[in-house]
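Asks: Need the 3D shape of this:
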Amino acid sequence: MKFLRVSFIAVIMSLAACGSGGGSGGATSSITPVASTAASSTSPLAVFPNEHGLYPDANQVVQTDVEAGIFPNENGFARSYSTAGAIDPNGPFFKSFGNGRTCASCHKQEDGFSIRAKSLQKLFVDTEGTDPVFQLLDGANSPNAPVGTLEEKTAAYSMLLSKGLFRIGLKMPHSAEFVLVGVDDPYHFASADELSLFRRPLPSANLKFVTDVMWDGRETLEDNSSTICSRNGCFAPVDADLARQANNATKGHAQAQSDLSISDQNEIVAFEKSLFVAQQVDHAAGVLFAADGTGGALALSTENFSFALNDIFKTTFTPFNFSLFDNWIADASASDKKVIDARESITRGQALFHIRQIDIVAVVPGTESLNFSFLTCSTCHSTPNVGNLSEPHGFNIGTADAKTRTADMPLYSLQNKTTGEVVETQDPGLAMTSGLWQDIGRFKAPVLRGLSTRAPYFHNGSANTIDDVVAFYNKQFNIQFTDQEKADLTAFLKSL
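Replies: Predicted coordinates:
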């Protein structure tokens, strides 16, 4: 697979298909199918509409017949919406084909169809670590970890419980331009035969806008006969990628003994592509589609999309790709000054996303070939009102660098076969797919919508909050945001 030779400079957070390192599944889903019927107000998830058919703001949030549910998070309420209607929990997405896991084990509706560390912690306590999501295969820090007692289980699943990280075991590419010359694994398992790569599950919603499947693109199929092409090559339709990913996840994470049927694969893909997740209500600013704002999952589901849309190498590229709050303040009907202030902050953050310059050449040498000396967040998060890239690319923002390593992460020393150069990394990223030296540490850019539903962030869960993500970029690329700019950009990202 070919990838753009540029480091990814933008505000993005982690976490496009059924699984993190291959997609997985899990135990009984807590999905509450909702059409016009109401969910119980006694639900610990505070599912909306409640038993009275009401939302957090009954005057402004409109119930529809295809409501999938509204769930609380630290920043307000997010909505999961299905264009196909009320969610049917009897489909193959919710079915166990092997070890008790289903796709929904690691892609929970209330977590934006990803899974939060907090949810895993609660599940661990409730089941004493017996839920099928807690498997030695990839849920534990090592498949050899002892789990005979609750104390041992707590230690064995510490990465899953603290950061929501699954262990993705991958063999070094045989034809790679590099070899493994050193391993520092705190769990005493990783080797060239199987690297332990700890990654967050990507959401299985908002897949209408996805062209690159998995953090390292390993389910993104090249196809020289395809007409779906960009400067980086030609690719198979994403439906084929998602079907293969669902099958590989079921055979891998769920340990199924046989392939999914073609009909089950197709049904899973159709279900996933019907799902949309976005923040619906902000605690401070209120309803995000009120007063001519166009936030929320329903508006997101109607966004147009095509492969290579708003490509930075096209003359039609525009950095002004988010328009959610263009008219929000002028038409705001809020009478509460705190609400108006919050909306103004979000709107300023949207503007910063488009125009705040990041001096990429000064920070990352070798990018002069782009023919411009700076980027903005929207240069790399360019899909209109979505915030990912609309074609397969890999970017290195430094999240896997040795200098950012924490004691709980493995560290690998890789040596270039030709030059002898050695680089240390926590995760080779795209290089595990392509085998290319230049791809070490590069990862796909995931969709930005629904960020508030799926903390922690980045591929390795290294940022606990959206505030932490903004702080990372500010330091990593010496952006020198003012305190107000940090607050505004964070407010915007929380509203997505």
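Asks: Considering this structure, which helix comprises the largest number of residues?
Replies: Criterion DSSP state H: the longest helix present in the chain is helix 337-355.
Asks: Quick one: mean pLDDT over it.
Replies: Here helix 337-355 scores 94 as its mean pLDDT.
Asks: for that helix, which positions count as buried?
Replies: Of the residues in helix 337-355, those buried under the neighbour-count criterion (16 or more other CB atoms under 10 Å) are 339-340, 342-353. Quick note: C-beta positions are derived from backbone N, CA and C, even for glycine.
Asks: For it, name the packing helices and strands.
Replies: Other helices and strands packing on helix 337-355, by 3 or more CB pairs under 8 Å, 6 or more residues apart in numbering; DSSP states H and E, are strand 286-287, helix 377-380, helix 483-494.
Asks: Would you mind putting the buried residues of helix 337-355 into TSV with distance to residue 189 alongside?
Replies: Shown next, in TSV, are the buried residues of helix 337-355 (distance: CB to CB, whole Å):
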residue	distance to residue 189
339	52
340	54
342	47
343	50
344	51
345	46
346	45
347	49
348	47
349	42
350	45
351	47
352	43
353	41
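Asks: so who does residue 417 touch?
Replies: 176-179 (CB atoms under 8 Å, 6 or more residues apart in numbering).
Asks: typo on my end, it should be residue 259
Replies: By CB under 8 Å, 6+ apart, residue 259 lies in contact with 247, 251.
Asks: Would you mind checking which helix or strand in the protein has the lowest mean pLDDT?
Replies: Ranking every helix and strand in the chain by mean pLDDT, DSSP states H and E puts helix 360-363 at the bottom, with a mean of 53.
Asks: coming back round to it: just the buried subset of the contacts of residue 417, please.
Replies: Applying a neighbour-count criterion of 16+ other CB under 10 Å, the buried members of the contacts of residue 417 are 176-178.
Asks: Just say helix, strand or coil for residue 162.
Replies: helix (DSSP: H, G, I helix; E, B strand; the rest coil).
Asks: what about the nearest residue in space to it that is not next to it in sequence, neighbour count?
Replies: Once flanking residues are discounted, residue 162 sits nearest to residue 117: 6.2 Å by CB to CB, 6 or more residues apart in numbering. Neighbour count for residue 117, taken as other CB atoms under 10 Å: 21.
Asks: pretty sure residue 117 is touching residue 454, no?
Replies: No - using CB atoms under 8 Å as the test, residue 117 is too far from residue 454 to be in contact (9.9 Å).
Asks: picking that back up, how about the residue nearest to residue 162, what does it touch?
Replies: Shown in contact with residue 117 (CB under 8 Å, 6+ apart): 160-164, 455-456, 461.
Asks: Look up the pLDDT of it for me, please.
Replies: On the pLDDT scale, residue 117 gets 96.
Asks: ok, it to residue 218 distance?
Replies: In this view, residue 117 and residue 218 are 24 Å apart by CB to CB, to the nearest Å.
Asks: repeat for residue 228
Replies: 18 Å.
Asks: Settle it for me: which of the two has more neighbours?
Replies: Shown here are residue 228 and residue 218; by other CB under 10 Å, residue 218 has more neighbours (21 against 16).
Asks: Quick one: residues contacting the more buried one.
Replies: Each residue near residue 218 by CB under 8 Å, 6+ apart is listed here: 432-433.
Asks: which SS class is it?
Replies: Applying three-state DSSP: residue 218 is coil.
Asks: For it, give me the pLDDT.
Replies: Reading off the confidence values, residue 218 has pLDDT 95.
Asks: Quick check: residue 307 touching residue 390?
Replies: Yes - Residue 307 lies in contact with residue 390 (CB under 8 Å); the separation is 6.2 Å.
Asks: circling back to that earlier point, separate out the buried members of the contacts of residue 117.
Replies: The neighbour-count criterion (16+ other CB under 10 Å) marks 160-161, 163-164, 455-456, 461 among the contacts of residue 117 as buried.
Asks: Just give me the closest of those residues to residue 70.
Replies: Closest approach between the buried ones among the contacts of residue 117 and residue 70, by CB to CB: residue 455, at 18.0 Å.
Asks: Quick check: phi and psi on that closest one?
Replies: Note on residue 455: backbone dihedrals following degrees, to the nearest 10 are phi -70, psi 150.
Asks: From residue 230, how far out is it?
Replies: For residue 455, the distance to residue 230 (CB to CB) stands at 32 Å.
Asks: Also residue 439?
Replies: Look at residue 439 and residue 230: by CB to CB, they are 17 Å apart.
Asks: what's the answer for residue 133, then?
Replies: Taking CB to CB as the measure, residue 133 falls 36 Å from residue 230.
Asks: Please identify which helix or strand holds the closest residue to residue 402 other than its chain neighbours.
Replies: Leaving aside its chain neighbours, residue 402 sits nearest to residue 424 (3.8 Å; criterion: CB to CB, 6+ apart). Assigning secondary structure by DSSP states H and E places residue 424 in strand 422-425.
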